[in-house]
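Undergrad: kindly generate the corresponding structure for this input.
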Amino acid sequence: MPPPSSVAEVVARLQTIVSPLSSSDGIACFARLYLAVTEGVQKRLAGLSFNDPRFLARLDVVFADLFFVAFEAFEHDPARAPRAWLPLFEARSRHGIAPLQFALAGMNAHINRDLPVALVATCHEFDIRPARDSAQHADFERVNDLLAVVETQVKQQYLSGWQRVVDRHLHRVDDVVAMWNIGRARDAAWVNAETLWAIRDDTTLTSDYLASLDRMTGFAGRGLLVPADTWGHRLARLLGRGG
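TA: Presented below is the predicted three-dimensional model:
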C-alpha cells in the first residue's frame, strides 16, 4: 500500500486498521489511542500558529507510515518487522493484558524507535538540521504540551470497567502508567534524531545504532506488557473475597 500523503489519510488508514479488529486486539488498542490522539491534536492545532507548519504536517505523515509499514511487514513476514514492534504484535491476543498496556506498548515502539527515524527523514527532505535551537524544535516542543493533554484524556477512557475495578486495585496498570511519559519519550526521540543525524555519513554506525535502539525499545515494550491479571493476582482476589 502506498504511504499516506496527508494527516487526513493517516486518520483514514488508522480507521481501516481498527475497523475489522476486535476491541480486545492489542493492535486495535494501540491504533484507537493513536487515532484519538491524532484527531485530538489536529483539533487543537487549528487555532495555533507555528514556525514551520509544513514541517510538522510532513513529520506526522512520515511518522505514521513507519507504523503502517511495520504492521504490514508483520502481517506478511514477521521476521521483517522491526524488533521494537514485536512485543505488541506477538502479544496482541494474549489474555490478562489490559487495553492500556497494549496502547502504551505501541506508543513506546512508535515514539522511541520510529520518531527519531521520522525526524531524520523529514529533516533530510527539508534540508535542515535537527537542532535544539531551531524553529522546528520549538514547534516540536509546543506539540508536546498538546499531546500531554490529549493523551491524559484518552488514557482515562482505558481505565474503566474491568480495568478500573481490577487492575487499578492491584496497582499493575497504575505502575504501567507511571512508567510512561510522552513528553520524556519525545525529548529522548529528538536526542536520538540528533545522534542519527550526526552519524548519518557512517552507514555501519548508523545501522548498528538503529539496531541497538530497536532492541532496547523492544525490551521496554515487553516490560509494559507483563500481564496485569497474573495467577498471583487472581489468587489474591479469591483470598480477598474469602476474607
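Undergrad: every contact and neighbour count from this point should use C-alpha atoms.
TA: OK.
Undergrad: hmm, Ala84 and Ala70 touching each other?
TA: No - the pair Ala70 / Ala84 is not scored as a contact, 9.5 Å apart, by CA atoms under 8 Å.
Undergrad: pick out whichever of those two has more residues nearby.
TA: Set side by side, Ala70 and Ala84 show more neighbours around Ala84, with 29 against 21, by other CA atoms under 10 Å.
Undergrad: avg pLDDT for stretch 110-121?
TA: Stretch 110-121 shows a mean pLDDT of 97.
Undergrad: give me the low-pLDDT residue ranges for the protein?
TA: For the chain, the stretches with pLDDT under 70 are 154-155, 158-180, 228-243.
Undergrad: centre-most residue in it?
TA: Centroid check for the chain by CA atoms, centre = their mean gives Met107 as the closest residue, at 1.7 Å.
Undergrad: list the contacts for that residue?
TA: Going by CA atoms under 8 Å, 6 or more residues apart in numbering, Met107 touches 30, 34.
Undergrad: name the SS class of it, please.
TA: Following DSSP: H, G, I helix; E, B strand; the rest coil, Met107 is assigned to helix.
Undergrad: which elements pack onto the host helix or strand of Lys43?
TA: Here Lys43, judged by DSSP states H and E, is contained in helix 26-45. Contacts defined by 3 or more CA pairs under 8 Å, 6 or more residues apart in numbering; DSSP states H and E place helix 26-45 against helix 7-18, helix 86-91, helix 99-109, helix 135-158.
Undergrad: closest to Ala220 out of those?
TA: Nearest to Ala220 among those is helix 99-109; the distance by CA to CA comes to 7.6 Å.
Undergrad: can you name the element that comes right after that closest one?
TA: helix 115-126.
Undergrad: show me what that following helix is packed up against.
TA: helix 53-76, helix 182-198.
Undergrad: and the first one, how far from the chain's centre?
TA: Averaging C-alpha coordinates over helix 53-76 and over its chain gives two centres that are 11 Å apart (CA atoms, centre = their mean, to the nearest Å).
Undergrad: what does it rub up against?
TA: Helix 53-76 is contacted by residues 3-7, 10, 80-82, 85, 89, 110, 114-115, 117-119, 121-122, 126, 136, 139-140 when judged by CA under 8 Å, 6+ apart.
Undergrad: again, but for stretch 145-157
TA: Against stretch 145-157 from outside (CA under 8 Å, 6+ apart): 33, 36-37, 40-41, 44, 100, 182-183.
Undergrad: list buried residues within these.
TA: 33, 36-37, 40-41, 100, 182 (16 or more other CA atoms under 10 Å).
Undergrad: mind picking the one among these that's closest to Gln15?
TA: For the buried ones among the contacts of stretch 145-157, the residue nearest Gln15 by CA to CA is Ala36; the value is 10.3 Å.
Undergrad: measure that closest one to Ala46 for me?
TA: Ala36 sits 16 Å away from Ala46, going by CA to CA, to the nearest Å.
Undergrad: just Val120 next, same as before
TA: In terms of CA to CA, Val120 sits 25 Å off from Ala46.
Undergrad: so these two - more neighbours on which side?
TA: It is Val120, of Val120 and Ala46, that has more neighbours when counted by other CA under 10 Å, with 23 against 8.
Undergrad: burial measure for the closest residue in space to the more buried one that isn't next to it in sequence, as a count.
TA: Leaving out its chain neighbours, the residue that sits closest to Val120 by CA to CA, 6 or more residues apart in numbering is Ala193, at 5.8 Å. When neighbours are defined as other CA under 10 Å, Ala193 has 23 of them.
Undergrad: show me the contacts for Ala193.
TA: 115-117, 119-120, 130.
Undergrad: okay, it and Asn181: tell me how far apart.
TA: According to CA to CA, Ala193 stands 18 Å off from Asn181.
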